[in-house]
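S.K.: missing the sequence, but the structure's below:
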């Protein structure tokens with residue numbers, strides 16, 4: 001089967017909450033790049049942030065689960081407290097499993113067992129992606145809030161300095177007026 005004949009489903013894993021830097025936009029950016037290559041891919045969006053960023057432009061591509069020859073999941077993986085990486089992971093489909101080279105080594109695999117294994121694998125991979133994305137999001141949120149606190153502190157220091165300089169200028173002007181008035185008498 002050629003790449004052009006494949007029906008691809010893309011799963012985007014984001015959350016419903018913001019204030020965590022570029023964590024959600026990096027997933028959306030990777031998906032948009034893939035949609036340039038494969039325009040007929042369909043989307044499953046997990047989380048309000050992915051829905052908000054992709055539904056307006058690619059609303060007709062958003063759908064529920066169906067049979068696909070290719071499924072790809074995009075999520076953020078925790079790298080360190082200040083870094084994450086956006087991963088693109090292919091998920092196994094029933095056709096991938098039956099077409100595998102070593103599939104015939106197992107004797108008693110019927111369609112029901114294969115379907116159950118496929119569903120279990122899909123659920124496990126999505127759960128793993130959600131946990132990695134959540135960890136990355138919390139880390140990114142902590143970093144973003146630390147930066148915001150630091151910036152607010154710097155802004156308070158600048159405003160305090162400006163206020164003190166202005167107050168000093170007013171006092172100096174009043175002293176000059178008093179001294180000028182006393183000298184005039």
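M.R.: It's in. This is a predicted model, so every value here is computed, not measured.

S.K.: give me phi/psi at residue 73?
M.R.: Comment: the main-chain dihedrals of residue 73 come out as phi -110, psi 130, following degrees, to the nearest 10.

S.K.: hey, what's it bridged with?
M.R.: residue 11, residue 89 (DSSP bridges).

S.K.: can you pull the contacts of it?
M.R.: With contacts defined as C-beta atoms under 8 Å, 6 or more residues apart in numbering, residue 73 is in contact with 10-11, 13, 88-91, 125-126, 129. For glycine as for every other residue, the C-beta is placed from the backbone atoms N, C-alpha and C.

S.K.: distance of it from residue 123?
M.R.: Residue 73 sits at a distance of 12 Å from residue 123 (criterion: C-beta to C-beta, to the nearest Å).

S.K.: elements contacting the helix or strand bottoming out on mean pLDDT in the chain?
M.R.: Of all helical and strand segments in the chain, the minimum by mean pLDDT, DSSP states H and E falls on helix 94-98, at a mean of 75. With contacts defined as 3 or more C-beta pairs under 8 Å, 6 or more residues apart in numbering; DSSP states H and E, the secondary structure elements packing on helix 94-98 are helix 111-184.

S.K.: can you give me how far the helix it packs on is from the chain middle?
M.R.: Shown here is helix 111-184, whose average C-alpha point lies 18 Å from the average C-alpha point of the whole chain (C-alpha atoms, centre = their mean, to the nearest Å).

S.K.: spatially nearest residue to residue 132, not counting backbone neighbours?
M.R.: Sequence neighbours aside, residue 77 is the residue nearest to residue 132 in space, at 4.8 Å (criterion: C-beta to C-beta, 6 or more residues apart in numbering).

S.K.: am I right that the one you found is in a strand?
M.R.: Yes: the secondary structure assignment for residue 77 places it in a strand, going by DSSP: H, G, I helix; E, B strand; the rest coil.

S.K.: low-confidence ranges in this structure?
M.R.: Low-confidence regions of the chain, defined by pLDDT under 70, span residues 1-5, 64-66, 103-108.

S.K.: need the residue closest to the centroid of it.
M.R.: In the chain, the residue lying closest to the centroid (C-alpha atoms, centre = their mean) is residue 24, at 2.0 Å.
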